[in-house]
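Engineer: Need coordinates for the following:
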Amino acid sequence: MNIAREPLLDLKGITKRFNSLTAVNNVDLQVLPGEKLVIIGPSGSGKSTLLRSINLLDELDEGVIRFEGQEVGYVTRHGRRHLDRPKAICTLRAEIGMVFQHFHLFPHMTVLGNVMEGPLTVQRKPALEARGIAEDMLAKVGLSDKRDVYPATLSGGQKQRVAIARALAMRPKLMLFDEPTSALDPELVGEVFDAIHTLAVEGMTMIIVTHHMGFARELADRVIFMEGGRFIDQGTPQEFFGNEQGNERIKNFLNRLM
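Structural biologist: Numbers count the residues shown, from 1 in each chain. As a prediction, the model looks like this:
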């Protein structure tokens, strides 16, 4: 058996409802170690809800999440399923980093303090070790010179790179990016793209939800089109963006963005 080809993440029958709306509808997905997966589709199609469900920010109605072969996130008590203990959920979130559309930095902390916070408070690392990790991650995203300033002094692109560094400081095995450039001015998109591209080259497993087709073209091993809470089609970037794209719905969607 080739262990390296076993899924890092394995989703079965993932379903999330908000009252009468089924945001994610019976989704199955396997993500291999080192794979770069980009999910595209119209607004409201369930993409962000899927990522939030993987990170246990939205509680599932149905389905199973397996990470590194182990079922995670939920336990059964008295015949009903419940979210796992907070400690177990925090442990999983340390393995699965997430970067949001909006940066959610702590305004009262310096850039270095923001990036140190996870290792210090969640992983209980000594301050000196946490500082070293944070400095390494800031160097990775090209922001070593900003470590002592506060988020209010940063551009949107810089704030997003700090958010990426903060997620990386937990040493995750999987990174989730939820529209990481949609809140940025167009001229700032490139610096965030470069930071994510560096992670891709280094072999980080990642799922990126985006309307920015450059991510799909240049980073993805696989592109998924999602609509109405379901996966409609998937394939390589060449298949999605080439002349062989035969799905008229996807073709029309892409033509509006490109």
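Engineer: Might you list the low-confidence residue ranges for the chain?
Structural biologist: 1-4, 243-246, 258 (pLDDT under 70).
Engineer: Ramachandran coordinates for L60?
Structural biologist: Main-chain dihedrals, L60, degrees, to the nearest 10: phi -70, psi 150.
Engineer: Number the residues from 277 up from this point.
Structural biologist: Right, with 277 as the first residue, what we last looked at is L336.
Engineer: how would you label the residue nearest the centre of the chain: helix, strand or coil?
Structural biologist: Nearest residue to the geometric centre of the chain (Cα atoms, centre = their mean): L452, 0.9 Å. For L452, the secondary structure call by DSSP: H, G, I helix; E, B strand; the rest coil comes out as strand.
Engineer: do L368 as well
Structural biologist: helix.
Engineer: and it, what does it touch?
Structural biologist: Applying Cβ atoms under 8 Å, 6 or more residues apart in numbering, one finds that L368 lies in contact with L332, F343, V348, G349, D360. In short, each C-beta sits where N, CA and C put it, glycine included.
Engineer: mind redoing it with 10 Å?
Structural biologist: For L368, the contact set (Cβ atoms under 10 Å, 6 or more residues apart in numbering) comprises I330, N331, L332, I341, F343, Q346, V348, G349, D360.
Engineer: Look up how far P362 lies from the residue of the chain most remote from its centre.
Structural biologist: What lies farthest from the middle of the chain is H354; by Cα atoms, centre = their mean that is 33.0 Å. Distance of H354 to P362, computed by Cβ to Cβ, to the nearest Å: 19 Å.
Engineer: likewise E524?
Structural biologist: 47 Å.
Engineer: before we move on, what about F529?
Structural biologist: 39 Å.
Engineer: Give me the more crowded residue out of those two.
Structural biologist: F529 (18 against 8; other Cβ atoms under 10 Å).
Engineer: Touching the helix or strand harbouring the more buried one from outside, list them.
Structural biologist: Per DSSP states H and E, F529 falls inside helix 524-533. Helix 524-533 has contacts (Cβ under 10 Å, 6+ apart) with 316-318, 487-489, 492, 499, 501, 503, 508-509, 511, 516-517, 521, 523.
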